[in-house]
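> Quick check, what structure comes out for this input:
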Amino acid sequence: MVVALILLVLLIFSFLSNISHFARNFVSSGGKHIHSSGPRLEEVIIEDNEAANKIAVVHIEGIITSRIADGGGYNLVDVVKAQLKRSEDDDKVKAVILKVDSPGGEVLASDEIYRLLNDFQKEAKKPIVASMGNLAASGGYYVSSPCQWIVANELTITGSIGVIMHGWNYRGLMDKVGLTPEVYKSGKFKDMLSGERKPEEIPPEEHAMVQHLIDETYAKFKQVVQDGRSTAHQKNKGNTEKGRALAEDWTKYADGRVLSGKEAYDLGFVDQLGNFQDAVKRAKILAGLGGNSSANLIQFQQRYDLGDFLRMFGKSQAPPVVKVDFGVDAPKLQVGQLYFLAPTFAH
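Residues are numbered from 1 along each chain as shown. Next comes the predicted model:
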């Protein structure tokens, strides 16, 4: 009976929460009915300035990945897509701030977010201002590059324009313990990137093919940077402050090295040195609101209800895991997968 009463209370709470959520969305969207098959989002006011206009804040934090985290059913790409859709549909949202604090991550996930941001600016006709935090390197810079304006702190770690593929060759260890692999394959390169082979068994053509794949992805990264910064510079020409153009020798610094925010500013990778509040002021200016005008800062956060709560009870208990803390939450790199990652996180 106690369990039944608790579930009944939760059900009533969920019902009332859903009604309240619907009412808030109905009012905030100006009476429009918003339906989305993606993540359920709830508008949350970060800074209430009692204004009619809004600026939406979208977070890119941690490793950029297409993997589903925390059993929520949606990955980072899905959430960003839904947040941008809500920002586009809400006429009161005049601009978006992309708050980046990430060392990068998967190539495909980074590219999908880049395309979402690029398409949003073209279709919604609303500016996006990137606000870089402690770290916005590699894939973190990749997703920032299409933004109309980029703000970084002098001490922000950014840059790291490059691609990495990571693997291990453990054949020497296998030989020491007496393990010999038996491989049956349909073609010469079917076991590409396998760590079971002796180095002399790896054909030179394989090295060339993998390096070509790296070079091709790296060329795309540089093209994304060049297109994004060039387009932003053209858009900002009509403003009092036109932003920064890429230095003529910028490709010399696109060799995987990390840059401080000050170095990135000098080379034209960012438009302004400052903090989050400077990014807010810039977003107001680009949106035509004026730097000193009022606008509420909002965020479209994922909403969880009773169904999400109950699903937690259906999860099997994972076996205990012993972890060693090295002070860095490094990603688990998958063998054979390309990454845009800062050097510290690429090992």
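
> OK, contacts around G133?
Contacts for G133 (Cβ atoms under 8 Å, 6 or more residues apart in numbering) come out as 99-101, 153, 156. Just so you know, the C-beta spots here come from the backbone N, C-alpha and C atoms, and that holds for glycine as well.

> Can you turn the buried part of those residues into a PyMOL selection?
Buried members of the contacts of G133 can be picked out in PyMOL with the line below, counting by 16 or more other Cβ atoms under 10 Å:
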select buried, resi 99+100+101+153+156
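
> Now that we have the contacts of G133, can you turn them into CSV and tack on pLDDT, secondary structure and distance to L246?
Supplementary listing: the contacts of G133 in CSV, determined by pLDDT from 0 to 100; DSSP: H, G, I helix; E, B strand; the rest coil; distance: Cβ to Cβ, whole Å:
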residue, pLDDT, secondary structure, distance to L246
K99, 97, strand, 23
V100, 97, strand, 19
D101, 96, strand, 24
N153, 96, coil, 20
T156, 96, coil, 18
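
> Name the next helix or strand downstream of the longest helix along the chain, please.
Once the chain is assigned using DSSP state H, the helix that runs over the most residues is helix 204-235. Using DSSP states H and E, the helix or strand that follows helix 204-235 towards the C-terminus is strand 258-260.

> Please identify the buried residues of the next helix or strand after that next one?
Elements were assigned by DSSP H and E; along the chain past strand 258-260, the next helix or strand is helix 261-267. Within helix 261-267, the residues scored as buried using 16+ other Cβ under 10 Å are 261, 263-265, 267.

> Let's have these in JSON lines, adding pLDDT and distance to F120.
Listed next are the buried residues of helix 261-267 as JSON lines, based on pLDDT from 0 to 100; distance: Cβ to Cβ, whole Å:
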{"residue": "G261", "pLDDT": "96", "distance to F120": "25"}
{"residue": "E263", "pLDDT": "97", "distance to F120": "29"}
{"residue": "A264", "pLDDT": "97", "distance to F120": "23"}
{"residue": "Y265", "pLDDT": "97", "distance to F120": "25"}
{"residue": "L267", "pLDDT": "97", "distance to F120": "26"}
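
> Need the residues you listed in TSV (columns: distance to W168).
As requested, these are arranged in TSV below (distance: Cβ to Cβ, whole Å):
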residue	distance to W168
G261	35
E263	33
A264	33
Y265	38
L267	35
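
> biggest separation within those residues, which pair?
In terms of Cβ to Cβ, the buried residues of helix 261-267 reach their longest pairwise distance at G261 and L267, which sit 10.9 Å apart.

> where's the residue of the chain positioned farthest from its centre relative to L7, distance?
Ranked by distance from the centre of the chain (Cα atoms, centre = their mean), the top residue is M1, with 45.9 Å. Using Cβ to Cβ, to the nearest Å, M1 is found at 11 Å from L7.

> Skipping adjacent residues, who's closest to K235 in space?
By the measure of Cβ to Cβ, 6 or more residues apart in numbering, the closest residue to K235 outside its immediate chain neighbours is Q148, 5.5 Å from it.

> Same question for R303.
Distance criterion Cβ to Cβ, 6+ apart; nearest residue to R303, sequence neighbours excluded, is E42 at 4.1 Å.

> mean confidence for the host helix or strand of L8?
Element membership for L8 (DSSP H and E) is helix 2-28. For helix 2-28, the per-residue pLDDT values average out at 66.

> how many neighbours does M165 have?
Here the neighbour count serves as a burial measure; for M165 (other Cβ atoms under 10 Å) it reads 19.

> follow-up on the earlier one: can you check the pLDDT for the residue nearest to K235?
Residue-level confidence at Q148 comes out at 96, pLDDT.

> Now for it, how many residues are close by?
Using other Cβ under 10 Å, Q148 has 25 other residues around it.

> Next, the contact list for it, please.
By Cβ under 8 Å, 6+ apart, the residues touching Q148 are 121, 127-129, 232, 235-236, 286.

> Phi first, then psi, for it.
Phi and psi for Q148, reported as degrees, to the nearest 10, are phi -70, psi -30.

> hang on, the earlier thing: next SSE downstream of the helix holding L8?
If you walk from helix 2-28 toward the C-terminus, the next helix or strand you reach (DSSP H and E) is strand 41-47.

> which parts of the very next helix or strand once past that next one are buried?
Beyond strand 41-47 in the direction of the C-terminus, DSSP H and E gives the next helix or strand as strand 54-61. Of the residues in strand 54-61, those buried under the neighbour-count criterion (16+ other Cβ under 10 Å) are 54-60.

> gap between the following helix or strand past strand 54-61 and the chain center?
Toward the C-terminus, strand 54-61 is succeeded by helix 76-89 as the next helix or strand (DSSP H and E). Per Cα atoms, centre = their mean, to the nearest Å, the displacement of helix 76-89 from the mean C-alpha position of its chain is 12 Å.
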